[in-house]
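Student: build the 3D model from these lines:
(chains A and B)
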2 protein chains.
Amino acid sequence: MTEFIIKPIDITSGKNEVILNEDDATKMGFKNGDRLKIRQSEVSTVGMVETTKTVVNEGEIGIYKDILEKFAFELRAGVEVTAVGRPDSFYFIKEKMKSEKLSKDKIYSIVADAVAGNLSNLELAAFILAEEFVGLDMEEIGHLTKAMAETGQMIDFEETVFDKHSIGGVPGNKVTLLIVPIVASAGLLIPKTSSRAITSPAGTADTFEVLADVKFNIDELKELAKKVRGTIAWGGSLNLAPSDDIFIHRVEHGLGIDPLPQMMASIYSKKLATGVDFLVLDIPTLTRYYERGAKVRSVEEARTLARQFVELSDRIGIKTEAAITYGGQPVGHAIGPALEAREALQALEGLRPSASLIEKSCALAGVLIEMSGKATKGQGKQLAEEILNSGKALSKMKEIIEAQGGNPTIESQDVAIGNYKAELRSSSDGYIVRVDNKQIVKICNTAGTPRDKGAGILLHAKVGYKVKAGDLLLSIFSNSESRLSKAHAIALKNNPIVCEGMLIERISDLT
Amino acid sequence: MTEFIIKPIDITSGKNEVILNEDDATKMGFKNGDRLKIRQSEVSTVGMVETTKTVVNEGEIGIYKDILEKFAFELRAGVEVTAVGRPDSFYFIKEKMKSEKLSKDKIYSIVADAVAGNLSNLELAAFILAEEFVGLDMEEIGHLTKAMAETGQMIDFEETVFDKHSIGGVPGNKVTLLIVPIVASAGLLIPKTSSRAITSPAGTADTFEVLADVKFNIDELKELAKKVRGTIAWGGSLNLAPSDDIFIHRVEHGLGIDPLPQMMASIYSKKLATGVDFLVLDIPTLTRYYERGAKVRSVEEARTLARQFVELSDRIGIKTEAAITYGGQPVGHAIGPALEAREALQALEGLRPSASLIEKSCALAGVLIEMSGKATKGQGKQLAEEILNSGKALSKMKEIIEAQGGNPTIESQDVAIGNYKAELRSSSDGYIVRVDNKQIVKICNTAGTPRDKGAGILLHAKVGYKVKAGDLLLSIFSNSESRLSKAHAIALKNNPIVCEGMLIERISDLT
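Tutor: Take a look at the predicted model:
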């Protein structure tokens, strides 16, 4: 054990590394990659050694900004530094790599060490890849889910909690903005926490932020829920299942993978942490081989997945009903935070901007209403539609907007969308056979979503629409003229909307 | 594409990350972890984005020291920075993760991108773990081996090359210091390149460095080989199979794994790179369940492994003979660079410090001599012993020492060992039943090996020896009194040498 002075290193590194002066490292026999425990009274974490001649002096230990933000070390003060071996949890990960079944205690130990920063990114990757290659059985997934929940904040709303979750992947899926006010209007408690977009044009939190604040602490969230019965808040500031973020940002993004056990535990750990009792699980599903952009590629796959989710759910004491929904093209006509917020308001205002949006929202809300017993089996959707049509859902939405610090008098026409607009028109007569989710996402993100809230796409044609040459297919919006022109170029080149009868191929000897 | 100025960051990070100012990152839409290509005329590599407010200014890009050491960028000069997607090789890694067989081109692409710094540590880990979980077939291992060799320097010695390789794990294995002079004395060319210790007390390069220089470039190595027919050089400075180092240091150490396909490719890529034609492969093997510290745990496992090595070897055009050797206790009596160099010299001088050392060295040298046709089958070992006993091997060793810049008049008694010595004595009468490789390594490393060349252990008793209470079991050496006392404490506590008849357990109510 040696005492060092913390030197803050202003780099967001995404890793738990610490920096020693080369002379100190040599003197103490530490090599690059060795593991040190850093302790300052009650605060401690673990870092792998990097070395420098000049960035930190002898007697100092450099700690990166993101680690300092996570752990409450006193800066430029002394810390005890001790060489430590790998944590036990590493050897449990190795057991899983050898296809051994992990006990509850071992799974909890892995998750706790992930949260405490005791496992390197490589070691975390070994766990995630073992899930991918070896798998976890349902008992293990149950332990993982509970461990991920219990190593973070747990919220007790002190009554029955309803919730909706979409597996994601399909653009334009703003159904939460209809479901929450409908379900809350039915008298149920639905304190929804949502995520921001990572690779998609708009997460629910990004979209609702156009209308109100979404960042609350747990006490505020509980008060909101008590007052208006429904919330649409950002989950990111609540420290719910914090290991989830660690696994996602340190491993899953970097490898473009999301093993099923981890995906299940990720979703349900947050449901456990928010005390959910009844959940409707939206599984957007592709139905044709050429469709792209939803996680689930066929109805058979969706059914298998649904059964697994329901089994996990039963095991951890949540009642889930899974709903397989069509994910082959965007939901509704609007994609992008402001455009989606506007479309949701239009639907609540009774303007019926999209049949599919209303259909899907009422169906999912109806499932929750049936689960609550407030409607009999088969009657939930109708009750949801009545609530929507009566204007009760709009009133409830305004209550929620006001409670979350937004302007309750806002109307759909007031929502500001991007200043610049470009259009894509059909080059031929025919029927729309495909709206390509992946291209839609690419165009939106190029136009500036999710950061530019006004950016996005309005679809004027969807699958099955009849169009004539010159008809408007979609409009692209952005607050940046240069981003808009890049997005427009992609739209012109990549056929995001495919019309049967369009020219398929041109071959000539002019190149 | 944007032009940035390189700012060298004096941290050895072990990763290909680059640092942007937060304002630049925001302006250009880069997030942490995004992949950038950095190009300066012919020099280019790829780095993942880290961000800072202050460490690099707007318009600068911070590049870590170890990356700058690897790629010949001009410092504080402009580089083109372009956002790039994942390389194709990443998708080939994903194919392997899905159990698909990889073509030659795909394997070459993965290895080339590893060397070029185009793959992140996580992506490299995905490949190594896919080897662990999914495996590679022999054709794939062949391609991997060749790709690893051909992406580095290839040495052509312009005649038939003989070599010896030990799979490692067993301490005290200084047989190379006998085999090289014996085989060279027999008229064969054996330009051996060896590694330094990573976790063991002494690599062959560390040991021979006690007697001569081991660091040469390729031209020097070729000249040495021409002159004295045998070398004992450090392979680390020759850029042989550079991807091996990358896989080992960026993934395998961090996870404590060495998947068989990677281990085979690692060994044979270096043999290909040094133009080896005939190889004797030493496979130290445990034979009893309680033995530790060799990679191979049973003779059956060794046989399976040997067959696989021979199959790979045939495929890539190297003739291998595998020798399964006893690895349950250290080879000879000395462990640690100087102690091992001394013991090897003693053996060459005819002092017979250890029967097992001479037996093993002559057996392995004999295999090579038989492969060359200079002895008939079954006569090689005898010829090796004759060469050793005649003093020819000692003369050859002195030639090699002189050619490699050492003192050719050195005798075993001149080799300096650690100034401080501690002893472990038997507490009872009985027979030695076990010398624990793992404890021996731990005690040596605590005493200072491999950095402190004089540190190490001299065994006075090995398995089967009869000892009396009070007899000397081992001596520990170090040039540091404090390290010696720590090492001694471990020796006293951990029973590195187990004598049957020793007290097994003491139970009392005094705690």
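
Student: the residue of the stretch 251-400 of chain A found nearest chain B and B:N32, how far apart?
Tutor: Distances between the stretch 251-400 of chain A and chain B by Cβ to the nearest Cβ are smallest at A:G254, namely 4.1 Å. Glycine gets a C-beta too; all of them are placed from N, C-alpha and C. According to Cβ to Cβ, to the nearest Å, A:G254 stands 11 Å off from B:N32.

Student: and for A:Q379?
Tutor: Noted for A:Q379: a distance of 49 Å to B:N32, by Cβ to Cβ.

Student: higher neighbour count, the two?
Tutor: Neighbour count, other Cβ atoms under 10 Å in any protein chain shown: between A:Q379 and B:N32, B:N32 has more, with 18 against 13.

Student: how far away is that one from chain A?
Tutor: Separation of B:N32 from chain A (Cβ to the nearest Cβ, to the nearest Å): 6 Å.

Student: can you list the strands that the helix or strand hosting A:L474 pairs with?
Tutor: Secondary-structure assignment from DSSP states H and E places A:L474 in strand A:472-478. Take DSSP bridges as the rule and strand A:472-478 pairs in its sheet with strand A:420-425 (antiparallel), strand A:456-459 (antiparallel).

Student: so of those, which one's packed in deepest?
Tutor: strand A:456-459 (a mean of 28; mean count of other Cβ atoms under 10 Å in any protein chain shown).

Student: immediately after that one, which helix or strand?
Tutor: Taking DSSP H and E, what comes next after strand A:456-459 is strand A:466-467.

Student: can you show me the helices along the stretch 301-450 of chain A?
Tutor: Secondary structure of the stretch 301-450 of chain A (DSSP state H, counting those that start in this stretch): helices located at A:337-348, A:355-372, A:380-389, A:392-403, A:437-447.

Student: tell me what the third one is packed against?
Tutor: Spelled out, that is helix A:380-389. If you count contacts as 3 or more Cβ pairs under 8 Å, 6 or more residues apart in numbering or on different chains; DSSP states H and E, helix A:380-389 packs onto helix A:176-185, helix A:355-372.

Student: buried sites along that helix?
Tutor: For helix A:380-389, a neighbour-count test (16 or more other Cβ atoms under 10 Å in any protein chain shown) marks A:G380, A:K381, A:L383, A:A384, A:E385, A:E386, A:I387, A:L388 as buried.

Student: ok and it relative to helix A:355-372, angle-wise?
Tutor: Here the directions of helix A:380-389 and helix A:355-372 differ by 120 degrees (axes from the mean of the first three to the mean of the last three Cα atoms, to 10 degrees).

Student: coming back round to it: the helix or strand following the strand holding A:L474 and chain B in contact?
Tutor: Following strand A:472-478 in sequence order, the next helix or strand is helix A:481-494 (DSSP H and E). No: contact of helix A:481-494 with chain B (Cβ under 8 Å from any Cβ of the partner chain) is absent, the minimum separation being 8.9 Å.

Student: just checking, what packs against helix A:481-494?
Tutor: Judged by 3+ Cβ pairs under 8 Å, 6+ apart, the packing partners of helix A:481-494 are strand A:420-425, helix A:437-447, strand A:472-478.

Student: quick one: strands adjacent to the helix or strand following it?
Tutor: Later in the chain than helix A:481-494, the nearest helix or strand by DSSP H and E is strand A:497-499. Strand A:497-499 has the following strand partners under DSSP bridges: strand A:430-435 (antiparallel).

Student: which one's the longest strand in chain A?
Tutor: Longest strand of chain A, by residue count under DSSP state E: strand A:43-52.

Student: quick one: contacts of stretch A:82-93?
Tutor: When contacts are defined by Cβ atoms under 8 Å, 6 or more residues apart in numbering or on different chains, stretch A:82-93 is touched by residues A:1-2, A:28, A:30, A:34-37, A:39, A:46, A:102, A:106-107, A:109-110, A:112-114, A:118-119, A:123, A:126-127, A:130, B:256.

Student: now the helices and strands packed on helix A:380-389 in a markdown table, with distance to chain B, mean pLDDT and mean neighbour count?
Tutor: Shown next, in a markdown table, are the helices and strands packed on helix A:380-389 (distance: least, Cβ to the nearest Cβ, whole Å; pLDDT from 0 to 100; neighbours: other Cβ atoms under 10 Å in any protein chain shown):
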| stretch | distance to chain B | mean pLDDT | mean neighbour count |
| --- | --- | --- | --- |
| helix A:176-185 | 25 | 98 | 29 |
| helix A:355-372 | 29 | 96 | 23 |
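
Student: re earlier: now distance to A:Y431 too, for the helices of the stretch 301-450 of chain A, in TSV please.
Tutor: Output for the helices of the stretch 301-450 of chain A, formatted as TSV (distance: least, Cβ to Cβ, whole Å):
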stretch	distance to A:Y431
helix A:337-348	24
helix A:355-372	17
helix A:380-389	29
helix A:392-403	34
helix A:437-447	18
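
Student: quick one: closest of the ones you listed to A:E321.
Tutor: Closest to A:E321 of the helices of the stretch 301-450 of chain A is helix A:355-372 (Cβ to Cβ; 5.2 Å).

Student: secondary structure element holding A:I232?
Tutor: Assigned by DSSP H and E, A:I232 falls within strand A:230-234.

Student: partner strands of that strand, with direction?
Tutor: Strand A:230-234 is paired, per DSSP bridges, with strand A:190-194 (parallel).

Student: and whichever helix or strand comes after the strand it pairs with, what does it pack onto?
Tutor: Per DSSP H and E, the first helix or strand lying C-terminal to strand A:190-194 is helix A:204-208. Judged by 3+ Cβ pairs under 8 Å, 6+ apart, the packing partners of helix A:204-208 are helix A:176-185, strand A:190-194, strand A:230-234, helix A:337-348.

Student: shaky segments in chain A?
Tutor: Counting by pLDDT under 70, chain A contains low-confidence ranges at A:1, A:501-511.

Student: A:V180 contacts A:I400, correct?
Tutor: Yes: here A:V180 lies in contact with A:I400, judged by Cβ atoms under 8 Å, at a distance of 6.9 Å.

Student: anything in contact with each of those two?
Tutor: Common neighbours of A:V180 and A:I400, using Cβ under 8 Å, 6+ apart, are A:G230, A:T231, A:I232.

Student: ok, now how distant is the second one from B:S427?
Tutor: Just to be clear, that refers to A:T231. To B:S427, A:T231 is 71 Å away according to Cβ to Cβ.

Student: higher neighbour count, those two?
Tutor: A:T231 (27 against 15).

Student: surely the more buried one touches A:E220?
Tutor: No: in this structure, A:T231 is not within contact of A:E220 by Cβ under 8 Å, at 9.4 Å.
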